[in-house]
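*Asks:* Make a model of this:
(2 chains)
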2 protein chains.
Amino acid sequence: MTRFAVWAPSAATAEVEVDGVRHAMHHAGRPGWWEAAVDTSADSDYAFVLDSGAPLPDPRSPWQPHGVHGPSRLVDHAAFPWSDEGWRGLPLPGAVLYELHVGTFTSAGTFAAAVDRLDHLVDLGVDCVEVMPVAAFPGRHGWGYDGVALWAVHEPYGGPIGFKQFVDACHARNIGVVLDVVYNHLGPSGNYLDRFGPYFTRRHTTPWGTAVNLADAGSDEVRRFIIDNAVMWLRDYHLDGLRLDAVHALVDERATHLLEQLAVEVDALASAVRRPLFLIAESDLNDARLVTPRQSGGYGLTAQWDDDIHHALHALLTGERQGYYADFGSLACLATTLQRVFWHAGTWSSFRGRTHGRPVDVDVFPAYRFLAYLQNHDQVGNRAAGDRLSATLSPELLKVGAALVLTAPYTPMLFMGEEWGAATPWQFFTDHQEAALAAAVREGRRAEFARHGWDAADVPDPQAPSTVERSRLDWAEPTRQPHADVLDFYRRLIALRREVPALTDPRLNRLQVRYDEEAQWLVVHRGRLRVVVNLAVHRQAVPVDGAPTAVLLASSSATCLDRAVQLDGPAVAIVELA
Amino acid sequence: MTRFAVWAPSAATAEVEVDGVRHAMHHAGRPGWWEAAVDTSADSDYAFVLDSGAPLPDPRSPWQPHGVHGPSRLVDHAAFPWSDEGWRGLPLPGAVLYELHVGTFTSAGTFAAAVDRLDHLVDLGVDCVEVMPVAAFPGRHGWGYDGVALWAVHEPYGGPIGFKQFVDACHARNIGVVLDVVYNHLGPSGNYLDRFGPYFTRRHTTPWGTAVNLADAGSDEVRRFIIDNAVMWLRDYHLDGLRLDAVHALVDERATHLLEQLAVEVDALASAVRRPLFLIAESDLNDARLVTPRQSGGYGLTAQWDDDIHHALHALLTGERQGYYADFGSLACLATTLQRVFWHAGTWSSFRGRTHGRPVDVDVFPAYRFLAYLQNHDQVGNRAAGDRLSATLSPELLKVGAALVLTAPYTPMLFMGEEWGAATPWQFFTDHQEAALAAAVREGRRAEFARHGWDAADVPDPQAPSTVERSRLDWAEPTRQPHADVLDFYRRLIALRREVPALTDPRLNRLQVRYDEEAQWLVVHRGRLRVVVNLAVHRQAVPVDGAPTAVLLASSSATCLDRAVQLDGPAVAIVELA
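*Replies:* Below you'll find the predicted structure:
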């Protein structure tokens, strides 16, 4: 006997269809909720029928074995044979994250295939994978931000059991798992939520469609839908944290913002399960209120992405100044951003056509609350050709970038393949099943880049099977040069970060950065360590503020001089002062 | 020679037309701004011409002598003969406010006529008038929330000079002046702002039209427009504060909310002019973040309206439960609201169909940061017939309501005429000049109330001259009974509030309220004073927690008994305990 329940406040009648048989549902307790107890078997399919209409998948469906348009199936979470009893969770401070897209991490594009590559991550030394969205979406391929069945794991990846096996395998290797979840919009196809209730509002819009209803009538249940979903992932899939997509598109005028309410409940769950659970926001607000403790008027999230660090690094290393890179690129910009979290901290953003952001109190905020990355799925995939930094930069410059991220006080994150300077691109790919939608996405992509001077022929067709194929990691690469050399440098960097406490010291007011814009060098102070960067093409002696006694790691030959380090150009060395 | 300037970032050419002659404007310094220096006389009219189009009034026009569609005129603010050198400003704590609509405060509906009635306010004892919006709008009559020339004073009220004379006359009588300003939308006619720049955004909507652009491209200048406007009123009109209309409709995702930025700049101005300047928000958010100090993550406004106190009183005294009164009405509700600021503090709001609000820390927040009122323009005027409480309640119940507001720790505010239980209604009136707009407003009003069972014939026509005439105060009333008696009680209450420090003690955690829902009595503790309310229709002895020794004020005969006060019903007495 299974007790089905669904929130459908406007329906006059509701039924649950189990294995083709409809059963009347009744109001029972919670306003707007319908319930029915029906005999089921382990592989029963079910759907809800409102007002005698067509069967609809459960908004909280844990499994969509036939795709997002088909019926739902129950999952007995308690039945999974977890082997991670010994897992005590992962504290975010000090951790190194690794962003991974299940569909392109391996050729098979499944959790099972990803498990086979986990030892690579162990060897690399990362602490936690950040899995791009796995909520079910239509078609086979996609980035995952078009998810519509937010409680179900995408079947082509391996479904609910596949994901649990993946998490279990990560934990067995002492690797945590963070999942990317999207609560600000739903994908354009297969979204049946509005048939059930007021999940969306017309008062606000997002770049991706109707905004979720967080403050209008009925929004209590919409918020519960989101928060219960977050709790479900953390509890039933043993996750260590969530990455919250584009929180700036969660427009919530309520006195308690959804993110604060979510953080309160996740903190309570963490106490209950007795392991750390973290919430990491993707935010373009440059506003530390997200990670400010609730006692101080913040929302109390654990951390947030910091695109300014990416932009400062990317513009400096590539020389690109298009679009949102316009205000970045100098050593001064990188130095300021490293020391003060945000470059746009109440300052003019020419890309936005307005001032942006707010200063962070560096005496108060531990740096681990901000994520730093040289690349991520967006920064690679949203380029017209999805080309990684390795397409533009020499291995030596890739190492400079890596060293700056992995010695910074922030929480570093790599994007899969970055660690060996993968030559494969990571492009925008979709698998929309409706011809009109497929055409709209294809044309939209071309039009977007045509505005920036791209020829349509050079913008990959998101719907073409070759686009996703091209975006898969090539696991033959890491053993070949120059990839093996880059990979070795990343391994050593991460190992050094683990060994030397100064490299994870989160105190921003201890961080000093010196640089010479003309000579093109920069030195980051980390305790007694100096991260010495020569960005010039020629060899030079970079001055340091003491006597360098040992080179802990260098991307080329580095020589300790008297109060200077001599380096090839471009190169980086991590040295210890006397 | 006058230097004209206007922000018009998209215009290819700009001219200023002065007394019929066009002069080319040029870019000079600030991006998007055009400037020209032109010879003018004191009564020169001017307008801006963009891209050789029709002349447009100045977005920052200080004077629209020919109405909002016509040319602008300069105002030499320094030339006004102020006589308020001795005015040292008004601190909000302890003050009693008086909301006043210039157009209906007197028969003439002008500032000059209002000045002639100021001695009534002196006699009443209020400290500050809160003037409903005076920004210029089309037509002659209106509430003022359809303003479109936000820097100009409505000409039919007396224009810029009339308003200054009014403020000067108030200050001469030791009365402060707060102005109601509307920054969340502009009126439907005469709004030329979007011809000049991106003043509006399509990403959000308000109940009254397009939302103001606070966070998109160009919004720095839109924010400056608002903040400069606020500063202009406070500085050039010697105002003591501003009442910010419907701040919940100011959707601002920026890291620093417009209201915080505004509060920072107004606080700086207060230091410069060396007198208190306050900002009072009208907010339906039930969120004390507005009045939380900035050091604690708040916006640092001075105060905010508190509709929950109104609703608790109104529903209790009238028995009404329609619309937003649904969750109010019990003595328990009033007691809780008086003690905790908000009734909806994370609790279910049936009117909104969701939970609402957030608790206020009563150990921290001084009560004067919240405004309490038995009536205000909205609560009267938004009723179908614009009937005041006096149409429903006996003078005795009016006095009970007045006593509860004027002995509460909150900042009390009266609505003009309330002090004598005015029999005149205060209805919704407009004077739209476009036939289609007039019809839409008339029909919209009827349709709104038809939904609540009102016959169209019983809903006054907003456009009818009789509607505004009917809404004017009748100054023959206050000398007649029962009005004179009500007025005398208000005077005594306000005088008592001034005399007895316990009545303005803002400490919420000192406020005790005892009540008996069945016996229908309630006692509010204010230091050694007890505000004893008998809501029953019969005489009863209301128990108090000590020996009452003196009746300081009572609405009917009150007798001190042993640990009780005997009162007619309904009635209120303020007594002192031994």
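
*Asks:* what's near enough to touch the residue of the stretch 51-200 of chain A found nearest chain B?
*Replies:* Chain B sits closest to residue A:198 of the stretch 51-200 of chain A, with a gap of 8.6 Å, by C-beta to the nearest C-beta. All C-beta spots, glycine's among them, are computed from the backbone N, C-alpha and C. Residues near residue A:198 by C-beta atoms under 8 Å, 6 or more residues apart in numbering or on different chains: A:9, A:213, A:216, A:217, A:218, A:219, A:222.

*Asks:* give me the element it is part of.
*Replies:* According to DSSP states H and E, residue A:198 maps onto no helix or strand at all.

*Asks:* residues contacting the residue in chain A positioned nearest to chain B?
*Replies:* Per C-beta to the nearest C-beta, residue A:297 is where chain A lies closest to chain B, at 1.7 Å. Going by C-beta under 8 Å, 6+ apart, residue A:297 touches A:289, B:289, B:292, B:296, B:297, B:298.

*Asks:* same check, this time on residue A:183
*Replies:* A:150, A:212, A:226, A:229, A:244, A:245, A:250, A:258.

*Asks:* and the nearest residue to the fifth one once chain neighbours are set aside, backbone torsions?
*Replies:* In other words, residue A:244. Nearest residue to residue A:244, sequence neighbours excluded (C-beta to C-beta, 6 or more residues apart in numbering or on different chains): residue A:281, at 4.8 Å. Phi and psi for residue A:281, reported as degrees, to the nearest 10, are phi -90, psi 140.

*Asks:* Which strand residues bridge residue A:281?
*Replies:* Beta-bridge partners of residue A:281, counted by DSSP bridges, are residue A:244, residue A:304.

*Asks:* ok, it - how many residues close by?
*Replies:* 25 (other C-beta atoms under 10 Å in any protein chain shown).

*Asks:* what do you get for residue A:43?
*Replies:* There are 9 residues near residue A:43, going by other C-beta under 10 Å.

*Asks:* Can you point out the buried residues in stretch A:281-297?
*Replies:* Under the neighbour-count criterion of 16 or more other C-beta atoms under 10 Å in any protein chain shown, stretch A:281-297 has A:281-292, A:297 buried.

*Asks:* how about that stretch as PDB, C-alpha atoms only?
*Replies:* Only the C-alpha atoms of stretch A:281-297 are listed here, as PDB (Å, rounded to 0.1, in the frame of the first residue of the first chain):
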ATOM      1  CA  ALA A 281      25.400  30.100  -4.500                       C
ATOM      2  CA  GLU A 282      26.100  31.100  -8.000                       C
ATOM      3  CA  SER A 283      25.500  34.800  -7.800                       C
ATOM      4  CA  ASP A 284      26.300  37.700 -10.000                       C
ATOM      5  CA  LEU A 285      25.300  40.200  -7.400                       C
ATOM      6  CA  ASN A 286      28.700  40.800  -5.900                       C
ATOM      7  CA  ASP A 287      26.900  40.900  -2.500                       C
ATOM      8  CA  ALA A 288      28.400  39.200   0.500                       C
ATOM      9  CA  ARG A 289      24.900  39.200   2.200                       C
ATOM     10  CA  LEU A 290      24.500  35.700   0.800                       C
ATOM     11  CA  VAL A 291      27.300  34.400   2.900                       C
ATOM     12  CA  THR A 292      26.900  36.700   5.800                       C
ATOM     13  CA  PRO A 293      25.900  35.000   9.100                       C
ATOM     14  CA  ARG A 294      22.200  35.400   9.800                       C
ATOM     15  CA  GLN A 295      22.900  37.000  13.100                       C
ATOM     16  CA  SER A 296      24.400  39.900  11.000                       C
ATOM     17  CA  GLY A 297      21.500  40.200   8.600                       C
END
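
*Asks:* Backbone torsions only: list them for the residue lying closest to residue A:450 once chain neighbours are set aside.
*Replies:* Of all residues not flanking residue A:450 in the chain, residue A:456 sits nearest, at 6.6 Å (C-beta to C-beta, 6+ apart). Main-chain torsions, residue A:456, degrees, to the nearest 10: phi -50, psi -40.
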